[in-house]
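Engineer: Quick one: sequence and predicted model below, then my questions.
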Amino acid sequence: MRSPLPSPSRRRLLAGLAALAVLPVAACSGVQGGKDAAGGNYPTRAVQFTVPFAPGGSGDLISRAIGKAAEKPLGQSVVVTNKPGANGAVGGKEVLASAPDGYNIALLVKSLFAITPLAVQDPTAIQPDKMTILTTLTQEDYVLVVNAASPYQTLEDLLKAPSLRYATTGVGTGAQLSQALLFKAANVKATDVPFDGGAPAATALLGKQVDVLSGSLAETMPQIKAGKFRPLAIFSEKRSSYLPDVPTAPEKGFDVVVDQRRFIVAPTGLPDAVAKKLTDSFAEARKDAAYDKFLKDNYMERWEVSDQEARQHLTDAAKEYADLSKKFGLTFGSGK
């Protein structure tokens, strides 16, 4: 005798019990990941990594290196996209305005918070308390270089020029501040020529479109070693181990010390487990042997501090650079 069909209510109960029975299996898949806002295992797709600078510069190079190293611990691809503009503000604002789900992160730099506000009045500027700092990465000094065919053999020669055109990586950047402070202190008539990153700025110097450039070691050392750039001074407190024969700006009587620091951010409001997954993945990535080799090959120093220490450094640097600008009577954008 055939069993009677179950009633609608009984069918719903059986379906519910069947669904409950498979939950442990689903829960066991991806136990190494965090939980996203919807309660799923994170990450389940590629993470989009915005680099708000032109390809080929320091920001681009470090992002691709750390992104590649993070893929294994993260368990997903990290896709790097370049969106240059306004010293990182354009791409940074876009990412920080996105959903806090862990799938959109960005590289940002110290100069955006410590120098750009001196040059640009932006009511929508990114505020440090409106971002999640996932990891800190590098500290890089700026070196002043000229084309090897330039008549300027020393810093003293350069500062005797009647006028100069200097390349920067944009308005409100360390490249601009270091040179502007130097030329102001030396009473040299100089005009800044901004570019969207270190690579195009270096290309301009190679093409003799400008007279001088302050760039990171990663952006300038290949050309220095190739004999195409001549280093004149480095904007640091002590000489670089990579350029031991190049004097510091303070050695030459100019109290101008400027560096760049890079870190990765995400929107505020990330679920705790997602934030931890990202933070832990980048912590593992920083131990990667290939990443370590990249840093050494590109003349980058590690800057690996806590979130709190990073925020304090940004605050302190903003005051320091504001005081320096006031001391030298510097007005950004004037080129004088």
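Structural biologist: Yes, it's here. Numbers count the residues shown, from 1 in each chain.

Engineer: for residue 196, what are its contacts?
Structural biologist: Neighbour list for residue 196: 53-54, 84-85, 169-170 [criterion: Cβ atoms under 8 Å, 6 or more residues apart in numbering]. Yep, even glycine has a C-beta here, placed from its N, CA and C like the rest.

Engineer: the strands in the stretch 51-200 of the chain, which residues?
Structural biologist: 78-82, 104-109, 132-147, 164-168, 190-194 (DSSP state E, counting those that start in this stretch).

Engineer: Include distance to residue 64, mean neighbour count and mean pLDDT when you put those into a markdown table, please.
Structural biologist: Formatted as a markdown table, these follow (distance: least, Cβ to Cβ, whole Å; neighbours: other Cβ atoms under 10 Å; pLDDT from 0 to 100):
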| stretch | distance to residue 64 | mean neighbour count | mean pLDDT |
| --- | --- | --- | --- |
| strand 78-82 | 5 | 17 | 98 |
| strand 104-109 | 10 | 25 | 98 |
| strand 132-147 | 12 | 24 | 97 |
| strand 164-168 | 23 | 23 | 97 |
| strand 190-194 | 24 | 19 | 94 |
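
Engineer: would you turn these into JSON lines with distance to residue 304?
Structural biologist: Below are those laid out as JSON lines (distance: least, Cβ to Cβ, whole Å):
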{"stretch": "strand 78-82", "distance to residue 304": "19"}
{"stretch": "strand 104-109", "distance to residue 304": "15"}
{"stretch": "strand 132-147", "distance to residue 304": "6"}
{"stretch": "strand 164-168", "distance to residue 304": "28"}
{"stretch": "strand 190-194", "distance to residue 304": "30"}
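
Engineer: quick one on the thing from earlier: just give me the closest of the contacts of residue 196 to residue 61.
Structural biologist: When the contacts of residue 196 are ranked by distance to residue 61 (Cβ to Cβ), residue 53 comes first, at 9.8 Å.

Engineer: how near is the closest residue to that closest one other than its chain neighbours to residue 253?
Structural biologist: Spatial nearest neighbour of residue 53, chain neighbours left out: residue 59 (3.9 Å); criterion: Cβ to Cβ, 6 or more residues apart in numbering. Distance, residue 59 to residue 253, using Cβ to Cβ, to the nearest Å: 31 Å.

Engineer: So those two - more neighbours on which side?
Structural biologist: residue 59 (32 against 9; other Cβ atoms under 10 Å).

Engineer: what's the pLDDT at residue 328?
Structural biologist: You'll see residue 328 listed with a pLDDT of 85.

Engineer: so residue 54 touches residue 84, yeah?
Structural biologist: Yes. Between residue 54 and residue 84 there is a contact under Cβ atoms under 8 Å: 4.6 Å.

Engineer: Need the residues touching each of the two.
Structural biologist: Listed contacts common to residue 54 and residue 84 are 196-197; contacts here mean Cβ under 8 Å, 6+ apart.

Engineer: Just the buried residues of the contacts of residue 196.
Structural biologist: Buried members of the contacts of residue 196, scored by 16 or more other Cβ atoms under 10 Å, are 53-54, 84-85, 169-170.
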